[in-house]
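Student: Mind folding the following:
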Amino acid sequence: MRVRTTGDIGAFIRERRSKLGLNQLDVAKKIGLSRKWLGEIERGKRGAEVGLILRALKSLDVAIDLKIDGPSAKQLRDARKVDINGIISALKRQRGK
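Tutor: Below is the predicted model:
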């Protein structure tokens, strides 16, 4: 699932909670927060503390894997192809001239 907004995270949490057969109070107790807080998150409330959202996801047995997408991903792949030994050798040759 691609997450772009707080609404996306909230929808995911609500869907996962429902699939597990849990109500908002069950999950809120697991993370040590109020049912009201969880309801606001599920509705996409902005400004929720990331740490608390991560606790909510953990309580639903969800892990987050981050992935670089777009131009940055290509830059990382290209960086892995850099021959650092070749660069160092070329610099040493330049200094020796």
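Student: need the contact list for Leu22.
Tutor: Taking CB atoms under 8 Å, 6 or more residues apart in numbering as the criterion, Leu22 is in contact with Leu60. (Glycine included, C-beta is placed from N, CA and C.)
Student: name the element it belongs to?
Tutor: Per DSSP states H and E, Leu22 falls between elements, in no helix or strand.
Student: do you know how far it is from Glu40?
Tutor: Noted for Leu22: a distance of 17 Å to Glu40, by CB to CB, to the nearest Å.
Student: Also Arg55?
Tutor: According to CB to CB, Arg55 stands 15 Å off from Glu40.
Student: Next: Gly32.
Tutor: Per CB to CB, Gly32 is found 16 Å from Glu40.
Student: of those two, who's got more company?
Tutor: Neighbours around Gly32 and Glu40, counted as other CB atoms under 10 Å, are more numerous at Glu40. The numbers are 16 against 9.
Student: which residue packs closest to that one, ignoring adjacent ones?
Tutor: Of all residues not flanking Glu40 in the chain, Ala48 sits nearest, at 7.5 Å (CB to CB, 6 or more residues apart in numbering).
Student: in which helix or strand would I find the one you found?
Tutor: With DSSP H and E as the criterion, the answer for Ala48 is that it lies in no helix or strand.
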